[in-house]
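> coords below, sequence missing:
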């Protein structure tokens with residue numbers, strides 16, 4: 001009977017420890033996950049692939065803007081301006097910078 005009581009107590013103690021470790025893991029995730037995600041995002045935005053892709057997309061949008069009829073140009077200009085918001089200006093080639101500055 002004493003062995004049974006000790007076994008039950010051991011199972012309850014293991015369940016309690018599991019619950020504590022799970023709660024601790026959730027608390028740590030709540031604190032550190034946003035910081036980890038921010039570092040991941042900053043690393044991605046500084047990568048060559050991201051910057052090259054953005055420049056390629058801006059060139060495509062420039063081409064679309066130049067061949068668009070006048071009634072669509074204002075809308076396209078707004079999309080282009082929105083797209084580059086937060087993108088470092090020094091990462092944009094000079095000719096694209098000039099194009100963006102001339103947008104209405």
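It's in. Computed from a prediction, not measured in an experiment: that's the story for all the values here.

> residue 69 versus the nearest residue in space to residue 65 that is not next to it in sequence, what's the distance?
What sits nearest to residue 65 in space, not counting adjacent residues and going by Cβ to Cβ, 6 or more residues apart in numbering, is residue 76, at 4.7 Å. Just so you know, the C-beta spots here come from the backbone N, C-alpha and C atoms, and that holds for glycine as well. Distance of residue 76 to residue 69, computed by Cβ to Cβ, to the nearest Å: 10 Å.

> before we move on, the earlier item: so the residue nearest to residue 65 sits against residue 68, correct?
Yes: taking Cβ atoms under 8 Å as the contact criterion, residue 76 and residue 68 are neighbours in contact, 5.7 Å apart.

> follow-up on the earlier one: out of residue 76 and residue 69, which sits in the busier spot?
Neighbours of residue 76 and residue 69, each counted by other Cβ atoms under 10 Å, are more numerous for residue 76; the result is 17 against 6.

> quick one: contacts for the more buried one?
The neighbours of residue 76, taking Cβ atoms under 8 Å, 6 or more residues apart in numbering as the test, are 61, 64-65, 68.

> which parts of the strand or helix carrying residue 96 are buried?
Element membership for residue 96 (DSSP states H and E) is helix 94-101. Buried residues in helix 94-101, counted by 16 or more other Cβ atoms under 10 Å: 96, 99-100.

> same for it, what does it pack against?
Here helix 94-101 touches helix 48-67, helix 70-84, going by 3 or more Cβ pairs under 8 Å, 6 or more residues apart in numbering; DSSP states H and E.
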